[in-house]
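In: Generate coordinates for the sequence data below:
(chains A and B)
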Amino acid sequence: LAKTTQPISMDSYEGQEVNITCSHNNIATNDYITWYQQFPSQGPRFIIQGYKTKVTNEVASLFIPADRKSSTLSLPRVSLSDTAVYYCLVGGYTGGFKTIFGAGTRLFVKA
Amino acid sequence: DGGITQSPKYLFRKEGQNVTLSCEQNLNHDAMYWYRQDPGQGLRLIYYSQIVNDFQKGDIAEGYSVSREKKESFPLTVTSAQKNPTAFYLCASSAALQGLSPLHFGNGTRLTVT
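Out: Presented below is the predicted three-dimensional model:
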């Protein structure tokens, strides 16, 4: 099972770029890496997903090195509304379905 | 709008009672999931279903039961055998098994058992 490790919390200021790294040393060949954002008393919301190298969408970028043992979520120019918990998820169907949510990183964006 | 609907948002029960949490999706997704979230912690998988009339235990299935009689519905019953039922319960769906397509979550049901 690919367990994940993320920083417990991070602080940033509005307008800065924020990078959150997730470690997943035991990632399996079929596993994808997915990041979610969660606000209090709401369900998580999908941000971005990737398998290798770099993926970019309108809200974030995901960097995955060749060995895939870690990944970095990059949020450009954060705002106060980006204050949330960010989860790194590693999962896939590898002969037995398991899913591992990281403990999450609490990002606090200050004015 | 397509999405996941969980009801009720808040639920209170007495210890020893079974309670069923509703989850409905209109996304035409095959796979559905139930997660439990405790304060300050991540999500843990309770049950998942790949297709109608089939479901599998997740990491913490003890004390819970599910059914999948219809594609759009995946109710979760928290039984009296669940030792610590008070938690935030999240239902999700995906077009295919997780890892191949993103999860879509509902906004949760907060269950309090006293």
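
In: How about the helix or strand hosting A:Cys22 and chain B, any contact?
Out: In the assignment (DSSP states H and E), A:Cys22 maps to strand A:18-23. No - for strand A:18-23, no contact with chain B is found by Cβ under 8 Å from any Cβ of the partner chain; the gap never falls below 12.0 Å. For every residue, glycine as well, the C-beta is placed using N, CA and C.

In: pLDDT averaged over that strand - what is it?
Out: What strand A:18-23 shows for mean pLDDT is 96.

In: Determine the set of other helices and strands touching that strand.
Out: Here strand A:18-23 touches strand A:9-13, strand A:70-75, strand A:84-92, strand A:105-110, going by 3 or more Cβ pairs under 8 Å, 6 or more residues apart in numbering or on different chains; DSSP states H and E.

In: Give me the below-cutoff pLDDT ranges for the chain.
Out: As the question left the chain open, I've gone with chain A. A:1-2, A:92-100, A:102 (pLDDT under 70).

In: should've been chain B
Out: Applying pLDDT under 70 to chain B flags residues B:1, B:98-100.

In: Pull up the residues of it that are close to chain A.
Out: Residues of chain B found near chain A (Cβ under 8 Å from any Cβ) are B:4, B:33, B:35, B:41-45, B:48, B:56, B:58-59, B:88, B:90, B:92, B:97-100, B:102-108, B:110.

In: Sort out which of those are buried, if you could.
Out: B:4, B:33, B:35, B:42-45, B:48, B:58, B:88, B:90, B:92, B:97-99, B:102-108 (16 or more other Cβ atoms under 10 Å in any protein chain shown).

In: Just the ones in strands from the residues you listed, please.
Out: Judged by DSSP state E, strands contain the following of those: B:Ile4, B:Tyr33, B:Tyr35, B:Leu43, B:Arg44, B:Leu45, B:Tyr48, B:Phe88, B:Leu90, B:Ala92, B:His104, B:Phe105.

In: Turn those residues into JSON lines, columns for distance to A:Gly91.
Out: Compiled in JSON lines, those are given as follows (distance: Cβ to Cβ, whole Å):
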{"residue": "B:Ile4", "distance to A:Gly91": "18"}
{"residue": "B:Tyr33", "distance to A:Gly91": "11"}
{"residue": "B:Tyr35", "distance to A:Gly91": "12"}
{"residue": "B:Leu43", "distance to A:Gly91": "12"}
{"residue": "B:Arg44", "distance to A:Gly91": "13"}
{"residue": "B:Leu45", "distance to A:Gly91": "9"}
{"residue": "B:Tyr48", "distance to A:Gly91": "11"}
{"residue": "B:Phe88", "distance to A:Gly91": "20"}
{"residue": "B:Leu90", "distance to A:Gly91": "15"}
{"residue": "B:Ala92", "distance to A:Gly91": "12"}
{"residue": "B:His104", "distance to A:Gly91": "15"}
{"residue": "B:Phe105", "distance to A:Gly91": "15"}
